[in-house]
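*Asks:* Okay, here's the prediction I keep looking at, along with the sequence it came from:
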Amino acid sequence: MLGDNRYGKAETRVVRVDRSGAAHQIKDLNVSVALSGDFTAVHLTGDNSNVVPTDTQKNTVFAFARDGIGEIEDFGLRLARHFVNEFESVHTARVTIEEFAWHRLHDHAFERAGAEKRTCLVTVTREQAWIVGGISDLVLLKTTDSEFHGYIKDRYTTLAETSDRIMATSVDARWRFGETQADWQRSFATITGCLKGQFAAHHSLSLQQTLYAMGETALQAVPEVVEVRMAMPNKHHFLVDLSPFELTNEHAVYFAADRPYGLIEGSVLRENAPDPGQAW
């Protein structure tokens, strides 16, 4: 029998230019749509009568962008509600958006910002809607105030304990709102500021401890958020042994290994937080 299923148009790249003022504005998005609902017939018999073509979904993204984008959470809500309300066969619409940041160089010239991307995940059914904001590829590093010791050791353990190490990661953070209305821009700025600030200030005994401290600080700062989920790979930096060259290395030269890496994942949520439903 057919199990859970969905389909949609993935990664529609849309750039919206606002030329209404002397200084132009741009919004650069990667939008993915996934629909689920009454699609049994198309899977079992090839009957397409309930199918909204993925090409139509792509065109809808472009048409909605023509009227302006605004905050990506609001744009995602508009799109998801359109698909659920417009088509009887669609029961749930999920819209995932990545926003690429640009720094202004001139009234009409821009420089692509860092690797990090603002994200949102909007899920709409006929009864409810959920909003999840986020940031991905936020690369952070600090050169001290990080320790790791006291862990389990067995015959396969070679890692030496340390009371001073480089700690680096690429944060993928998502935060779930308790409501579908909020000051999205302020929330994003506040939460990302909390994540960065706590990473920098926190004296870490493990990346897990730092993850929890970062999430806790974000919840304290933004009351409309009820849960923060993070994935933080440990981007290992190993001290290079320069003794074969008769040189010392007093915590100066490191080898940055890209794989394998430790992957730390966790969530921090409020006591009595509402059920996440289909938010994630």
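*Replies:* In hand now; what should we look at? Being a predicted model, the structure only gives us computed values, none of them experimental.
*Asks:* buried ones in the helix or strand residue 187 falls within?
*Replies:* For residue 187, the element it lies in under DSSP states H and E is helix 184-201. For helix 184-201, the buried set under the neighbour-count rule, 16 or more other CB atoms under 10 Å, comprises 184, 187, 188, 191, 192, 194, 195, 198, 199. Where C-beta positions appear, they are placed from N, C-alpha and C, glycine not excepted.
*Asks:* what about the helices in this protein?
*Replies:* Listed in chain order, the helices of the chain (DSSP state H) span 40-44, 54-66, 72-86, 184-201, 207-221.
*Asks:* Could you point out which of those helices sits nearest residue 92?
*Replies:* Closest approach to residue 92 among the helices of the chain (CB to CB): helix 72-86, 7.1 Å.
*Asks:* would JSON lines of the helices of the chain with distance to residue 235 and mean pLDDT be doable?
*Replies:* Converted to JSON lines, the helices of the chain look like this (distance: least, CB to CB, whole Å; pLDDT from 0 to 100):
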{"stretch": "helix 40-44", "distance to residue 235": "42", "mean pLDDT": "98"}
{"stretch": "helix 54-66", "distance to residue 235": "34", "mean pLDDT": "98"}
{"stretch": "helix 72-86", "distance to residue 235": "27", "mean pLDDT": "98"}
{"stretch": "helix 184-201", "distance to residue 235": "13", "mean pLDDT": "98"}
{"stretch": "helix 207-221", "distance to residue 235": "10", "mean pLDDT": "98"}
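*Asks:* closest one to residue 250 among these?
*Replies:* helix 184-201 (23.3 Å).
*Asks:* Let me have the helices of the chain in a markdown table, extended by distance to residue 10.
*Replies:* Shown next, in a markdown table, are the helices of the chain (distance: least, CB to CB, whole Å):
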| stretch | distance to residue 10 |
| --- | --- |
| helix 40-44 | 18 |
| helix 54-66 | 8 |
| helix 72-86 | 14 |
| helix 184-201 | 23 |
| helix 207-221 | 29 |
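*Asks:* Quick one: closest of the ones you listed to residue 278.
*Replies:* Using CB to CB, the nearest of the helices of the chain to residue 278 is helix 72-86, at 11.3 Å.
*Asks:* could you pull out the strands for the stretch 1-150 of the chain?
*Replies:* Applying DSSP state E, counting those that start in this stretch to the stretch 1-150 of the chain gives strands spanning 12-18, 25-37, 90-106, 109-125, 129-142.
*Asks:* The stretch 151-280 of the chain now?
*Replies:* Using DSSP E, counting those that start in this stretch, strands in the stretch 151-280 of the chain cover 167-177, 225-234, 237-239, 254-256, 262-269.
*Asks:* Now tabulate these in TSV and tack on mean pLDDT, distance to residue 133 and mean neighbour count.
*Replies:* Formatted as TSV, the strands of the stretch 151-280 of the chain follow (pLDDT from 0 to 100; distance: least, CB to CB, whole Å; neighbours: other CB atoms under 10 Å):
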stretch	mean pLDDT	distance to residue 133	mean neighbour count
strand 167-177	98	5	22
strand 225-234	98	8	22
strand 237-239	94	30	14
strand 254-256	96	30	12
strand 262-269	98	14	15
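*Asks:* Contacts only, for residue 103.
*Replies:* Contacts for residue 103 were tallied using CB atoms under 8 Å, 6 or more residues apart in numbering; they are 110, 111, 112, 113.
*Asks:* ok, 6 Å please
*Replies:* By CB atoms under 6 Å, 6 or more residues apart in numbering, the contact list for residue 103 reads 111, 113.
*Asks:* Let me know the pLDDT of it.
*Replies:* If you check residue 103, the pLDDT there is 95.
*Asks:* what do you get for residue 114?
*Replies:* Listed pLDDT for residue 114 reads 89.
*Asks:* ok, so what distance separates it from residue 142?
*Replies:* 17 Å (CB to CB, to the nearest Å).
*Asks:* Those two: which is more packed in?
*Replies:* residue 142 (17 against 11; other CB atoms under 10 Å).
*Asks:* partner residues bridging the more buried one?
*Replies:* Residue 142 forms beta bridges with residue 167, as assigned by DSSP bridges.
*Asks:* what about the closest residue in space to residue 196 that isn't next to it in sequence, how many neighbours?
*Replies:* Excluding the flanking residues, the one nearest residue 196 by CB to CB, 6 or more residues apart in numbering is residue 140, at 6.7 Å. For residue 140, the neighbour count with other CB under 10 Å is 18.
*Asks:* isn't residue 140 right next to residue 199, touching?
*Replies:* Yes: assessed by CB atoms under 6 Å, residue 140 is found in contact with residue 199 at 5.1 Å.
*Asks:* Many thanks, I have nothing further to ask.
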